[in-house]
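# below is the sequence, then the predicted model.
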Amino acid sequence: MKKTVTRLFDSHTDALAAVRELKNAGIDEDRISLVASNADNWHNGDSDGDGESDAAEGAGKGATTGGLLGGGAGLLAGLGMLAIPGLGPVVAAGWLASTAVGAAIGAVAGGATGGILGALKDAGHTDEEANVYAESVRRGGSLVSVRVDEDDAMRVSNMLQASNGADAASRGRTYRESGWQGFDQNANPYTADEAARERTLYAEDRSFAGHSAGETFTDENRDRPGMGDDASPGVRRDT
């Protein structure tokens, strides 16, 4: 039985580094997908002003980037610019993006109405989760989704957790507190400035703050922020 583990990231570099960690842990690249907002032109750019490509920085921390970016083989070498309704410009690679646009990575998919919601639901996420994850990209965030065997889902969940990945349950509660009701593909995607302000809201309030990668989810900590209603929030069976 396959499951899909998805987390949202407020930092592009965290998302890219998480992909690298998954790859280093032996997760096959064809099981990993990344969909990230490019509102601030971070792809092949330098949105944080440190003089280094943000994409290379996130993928290469602690590792050689040759196999991940540029002309080398690897998932992140296939990052392509896409246009998905409601999300604005995104950078994506892997099966989730391919499903969302109904075309090869790198193709322009202006007509893929509702593609991201359908792709997330097809992956096994509930309507609520799909709406939150899509909204997170609209607001400037990044998604990492992984298809794994059932007995490996918790390991992958913990890895994404340790990389500052947030789950749909906790972030959805935060969105609803400000009156949000659901993802609207007709709403304007966030600008670079709006996305930057959004990230500051979560910089010191990670959904999984204080949890180590190997921590066991118990009844005692299940109700803590980011833990959701079950032992592995954000993990869903494929349909």
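That came in fine, so what should we check first?

# for the rest of this, base every contact and every neighbour count on C-alpha atoms.
Noted.

# can you tell me which helix or strand of this structure has the lowest average pLDDT?
Least confident helix or strand, the chain: helix 54-60 with a mean of 45, by mean pLDDT, DSSP states H and E.

# other SSEs contacting the helix or strand just after that one?
Downstream of helix 54-60, the next assigned helix or strand under DSSP states H and E is strand 80-84. Judged by 3 or more C-alpha pairs under 8 Å, 6 or more residues apart in numbering; DSSP states H and E, strand 80-84 is in contact with strand 88-93.

# give me the sheet partners of the strand it packs on and which way each runs.
strand 32-37 (antiparallel), strand 80-84 (antiparallel) (DSSP bridges).

# helices of this protein, residue ranges please.
Listed in chain order, the helices of the chain (DSSP state H) span 12-24, 54-60, 95-101, 115-122, 127-138, 153-162, 168-177, 192-200.

# list the buried ones in the fifth one?
The one in question is helix 127-138. Buried residues in helix 127-138, counting neighbours by 16 or more other C-alpha atoms under 10 Å, are found at 128-138.

# which residues does it contact?
8, 35-37, 86-88, 116-117, 120-121, 142-143, 168-169, 171-172, 182-184, 189-190, 234 (C-alpha atoms under 8 Å, 6 or more residues apart in numbering).

# now that helix: average pLDDT?
Across helix 127-138, pLDDT averages out at 94.

# and the angle for that helix with strand 88-93?
Calculated by axes from the mean of the first three to the mean of the last three C-alpha atoms, to 10 degrees, helix 127-138 forms an angle of 100 degrees with strand 88-93.

# before we move on, the earlier item: mind telling me which of the helices of the chain the model trusts least?
helix 54-60 (a mean of 45).

# most tightly surrounded among the strands paired with strand 88-93?
When the strands paired with strand 88-93 are scored by mean count of other C-alpha atoms under 10 Å, the highest mean neighbour count falls to strand 32-37 (a mean of 27).

# before we move on, back to that, CSV for the helices of the chain, including distance to Thr4?
Formatted as CSV, the helices of the chain follow (distance: least, C-alpha to C-alpha, whole Å):
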stretch, distance to Thr4
helix 12-24, 14
helix 54-60, 22
helix 95-101, 11
helix 115-122, 9
helix 127-138, 12
helix 153-162, 8
helix 168-177, 13
helix 192-200, 25
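
# among those helices, which is nearest Lys2?
In terms of C-alpha to C-alpha, the element of these nearest to Lys2 is helix 153-162, at 8.7 Å.
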